[in-house]
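Peer 1: From the sequence below, what's the structure:
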Amino acid sequence: MPSLPSLAALLAATIVLHGNPSHALYINGSVIAPCDSPIYCHGDILREIELAHPFSDSKTFVDMPAKRPLPEIQAAFANLTHPLRNDSSLQTFLATYFADAGGELVTVPRANLSTNPTFLSKLNDTVISQFVTQVIDIWPDLTRRYAGDAAVKNCSSCPNSFIPVNRTFVVAGGRFREPYYWDSYWIVEGLLRTGGAFVGIARNTIENFLDFIERFGFVPNGARLYYLNRSQPPLLSKMVKVYIDHTNDTSILRRALPLLVKEHEFWTNNRTVDVRVNNKTYVLNQYAVQNTQPRPESFREDFQTANNRSYYAASGIIYPETKHLNESQMEELYANLATGAESGHDYTARWLADPSDAMRDVYFPLRSLNNKEIVPVDLNAILYGNELAIAQFYNQTGNATAARRWSELAANRSASIQAVFWNETLFSYFDYNLTSASQNIYVPLDNDAVALDRRTAPPGKQVLFHVGQFYPFWTGAAPEYLRNNPFAVTRIFDRVKAYLDTRPGGIPASNVNTGQQWDQPNVWPPHMHILMESLNNVPATFSDADPAYQDVRNLSLRLGQRYLDFTFCTWRATGGSTSETPKLQGLTDQDVGIMFEKYNDNSTNAAGGGGEYQVVEGFGWTNGVLLWTADTFGSRLKRPQCGNIMAGHPAPSKRSAVQLDMWDASRVKKFGRRAEGSMGRLNAW
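Peer 2: Below you'll find the model as predicted:
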């Protein structure tokens, strides 16, 4: 990968880039960090405060805007007793010099946030309609404006980590207090269906990301300085497409089209790799972040992964390390940790050279991260979709020559995807491993593998399943003979059907139980949407009565019903209610029903979090996928049957992104009804 120039960032409300604006890095000797902030990106202040562990979540500190100029903070920090401890002097320092996390932002008045969800007329069940209506009513609690200096005592020289945005936006919720790149695609899907003012906010979301491309040459992982060394799955072109499809507003292309091309250049210039298969070289793309430091938002966790001399397993067993990492190995680990975050899948067996350690929880699982050597099928399928979308945008703006060129790029990528990732024997796509120069096909066998997982697998192994294998059908990158053939699609989705038949929850991110969040048993709303839409993309090539086509449509509907079931039942288990499904016994008015960021494949009412935590508003992509599901399947959806449902109080180890540690929550700015102390009034039925 070519070396990247440094980023010089002013630690106030604006950022100034020096050198090539396509990159955002701070490089000083062996230090490669996201930006030059000595508070939020690297240096002694960040390191000592995070390792002193003043908050449960490392992200809390780096989201706290300063209340004093940088020189004052540095002087006060120098006067503290070092090394820092989590004592009264540190807490006094934090209270004196830093505002609450998220303090740069302000609420948008509900009166300004009209809705017009016309798709609700498709729902003929009272419970489903009221549930979806209440989820729509969460959007105002997630809607924000950047206020900058005005939000922190008008201190124009006080640093903060937020990358300023000019327009109203919607956050994911919980600990995610800023716009996130790939989350926003599913948020936009939901906002467009919500209608009213939220259609404009959907466009605002796109325009804010276009601003980032103008300034940085790419869309960062999220709107924080500490994310300026990495992106996320590049779904902006897809956001523009669904916005135009929904509104017919092609005026956005005047600004968007050249910037989408510029973003594509970031990926082709900085994330390109040559893959040689069968004596032919294919040019593809991968996630690859330059970084030699712990991620600021996960500083303590990354530092411990690299430096601890013992691994503390969930079982209580302590495993001493067998070999301490040297400095270059730590730097490589930090690069892989950041690269995993860029993929959006942080972390998964897909990126582990030795997933068996994670499956047995016996040693530092993330020390075997190898994702900089993985070429992912899903990223390349997304880039195919972007190339095809850009071709369509050029056609819409009357540039047929450019449209043909981008169509050729897409066709070439589709051919490369088929040559490198497709496995005809297993009738599936697999990531390519540069280390082994082969597809990543097998992983260690676990105890709940279905028969299809074991096919062709050697003893002790199973065929790897992950939702990334289906992205070529979501974006259309698969060749026509596969994606337009219902019989072929049913064969390709046979394990999806098998998991749906054998597990009460949704489809897991993978079939490997590693304890990592992008593996079994975790079920992610974006993945459910991708599977459903992939199936919906299949045409009735032979006839509507074709049994294979009917199987494809029925599987999509089953996935939609299952998504409704587990989101509703979990929401009800945590306090949600409708006029026909009253609040469960044991819950209070403050228990209002939670929309989590992820769910489980082993239950329709696994709440995904709990313990002594404060529940906050959420969760963007979950809500967006629910609205898409309700709109897409309408009256075909049946009222969820939750069985012998009880109030949900899951184990603390399963804490969700929407559940903040109580101490952390005391230093996080409150928004919406949480700020008003009226979370208990969310249910109006």
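Peer 1: And the contacts of the helix or strand F266 falls within?
Peer 2: Assigned by DSSP states H and E, F266 belongs to helix 253-270. By Cβ atoms under 8 Å, 6 or more residues apart in numbering, the list of residues contacting helix 253-270 from outside reads 1-2, 4, 22-23, 206-207, 210, 213-214, 217-219, 231, 234, 236-237, 240, 244, 285, 288, 383, 386-387, 389-390, 393-394, 396-397. For the C-beta atoms, the positions are set from N, CA and C on the backbone; glycine is no exception.
Peer 1: So in that sheet, which strands flank the helix or strand just after it, and in what orientation?
Peer 2: Next helix or strand after helix 253-270 toward the C-terminus (DSSP H and E): strand 272-277. The strands that strand 272-277 pairs with in its sheet are strand 280-285 (antiparallel) (by DSSP bridges).
Peer 1: Next secondary structure after the longest helix along the chain?
Peer 2: When the chain is parsed with DSSP state H, its longest helix is helix 547-573. Using DSSP H and E, the helix or strand that follows helix 547-573 in sequence is strand 599-600.
Peer 1: and that following strand, how far out from the chain's middle?
Peer 2: In terms of Cα atoms, centre = their mean, to the nearest Å, the centre of strand 599-600 is set 15 Å apart from its chain centre.
Peer 1: list the helices and strands that strand packs on?
Peer 2: strand 522-523, helix 547-573 (3 or more Cβ pairs under 8 Å, 6 or more residues apart in numbering; DSSP states H and E).
Peer 1: Direction included, what does that strand pair against?
Peer 2: Partners of strand 599-600, by DSSP bridges, with direction: strand 522-523 (antiparallel).
Peer 1: helices or strands next to the helix or strand just after the partner strand in the packing?
Peer 2: Per DSSP H and E, strand 522-523 leads on to helix 525-536 as the next helix or strand towards the C-terminus. Applying 3+ Cβ pairs under 8 Å, 6+ apart, one finds that helix 525-536 makes contact with helix 183-194, helix 471-475, helix 547-573, helix 620-633.
Peer 1: Among those helices, which comes closest to V127?
Peer 2: helix 547-573 (7.8 Å; Cβ to Cβ).
Peer 1: I'd like to know the average pLDDT value across the closest one.
Peer 2: Across helix 547-573, pLDDT averages out at 98.
Peer 1: quick one, it and helix 620-633 angle?
Peer 2: Helix 547-573 and helix 620-633 are oriented at 130 degrees to each other (axes from the mean of the first three to the mean of the last three Cα atoms, to 10 degrees).
Peer 1: just checking, what packs against helix 547-573?
Peer 2: Where contact means 3+ Cβ pairs under 8 Å, 6+ apart, helix 547-573 is packed against helix 126-136, helix 486-492, helix 494-502, helix 525-536, strand 599-600, helix 620-633.
Peer 1: Can you flag the weakest of those by average pLDDT?
Peer 2: Among the helices and strands packed on helix 547-573, strand 599-600 scores lowest, at a mean of 94.
Peer 1: which residues are in contact with that strand?
Peer 2: With Cβ under 8 Å, 6+ apart as the criterion, strand 599-600 contacts G505, G506, P521, N522, V523, W524, P525, F566, T567, T570, A606, G608.
Peer 1: so where's the chain uncertain?
Peer 2: 1-24, 149, 151, 153, 606-615, 648-655, 674, 677-685 (pLDDT under 70).
Peer 1: and A400, how many neighbours does it have?
Peer 2: Residues lying near A400 (other Cβ atoms under 10 Å) number 11.
Peer 1: Touching, it and Y394? I think so.
Peer 2: Yes: at 7.5 Å, A400 counts as touching Y394 under the criterion of Cβ atoms under 8 Å.
Peer 1: just so I have it, where are all the strands in the stretch 101-250 of the chain?
Peer 2: 105-107, 143-146, 169-170 (DSSP state E, counting those that start in this stretch).
Peer 1: Nearest to Q304, out of those strands?
Peer 2: strand 105-107 (30.1 Å).
Peer 1: Which residue ranges of the stretch 201-350 of the chain form helices?
Peer 2: 236-247, 253-270, 299-307, 327-342 (DSSP state H, counting those that start in this stretch).
Peer 1: In a markdown table: those, plus distance to R167 and mean neighbour count.
Peer 2: A markdown table is the format used below for the helices of the stretch 201-350 of the chain (distance: least, Cβ to Cβ, whole Å; neighbours: other Cβ atoms under 10 Å):
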| stretch | distance to R167 | mean neighbour count |
| --- | --- | --- |
| helix 236-247 | 14 | 20 |
| helix 253-270 | 13 | 17 |
| helix 299-307 | 30 | 19 |
| helix 327-342 | 25 | 21 |
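Peer 1: Would you convert the ones you listed into a markdown table that also reports distance to K372?
Peer 2: Formatted as a markdown table, these follow (distance: least, Cβ to Cβ, whole Å):
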| stretch | distance to K372 |
| --- | --- |
| helix 236-247 | 24 |
| helix 253-270 | 13 |
| helix 299-307 | 15 |
| helix 327-342 | 5 |
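Peer 1: circling back: kindly reformat the helices and strands packed on helix 547-573 as JSON lines containing mean neighbour count and distance to V62.
Peer 2: Formatted as JSON lines, the helices and strands packed on helix 547-573 follow (neighbours: other Cβ atoms under 10 Å; distance: least, Cβ to Cβ, whole Å):
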{"stretch": "helix 126-136", "mean neighbour count": "20", "distance to V62": "30"}
{"stretch": "helix 486-492", "mean neighbour count": "19", "distance to V62": "42"}
{"stretch": "helix 494-502", "mean neighbour count": "17", "distance to V62": "38"}
{"stretch": "helix 525-536", "mean neighbour count": "24", "distance to V62": "25"}
{"stretch": "strand 599-600", "mean neighbour count": "26", "distance to V62": "28"}
{"stretch": "helix 620-633", "mean neighbour count": "25", "distance to V62": "21"}
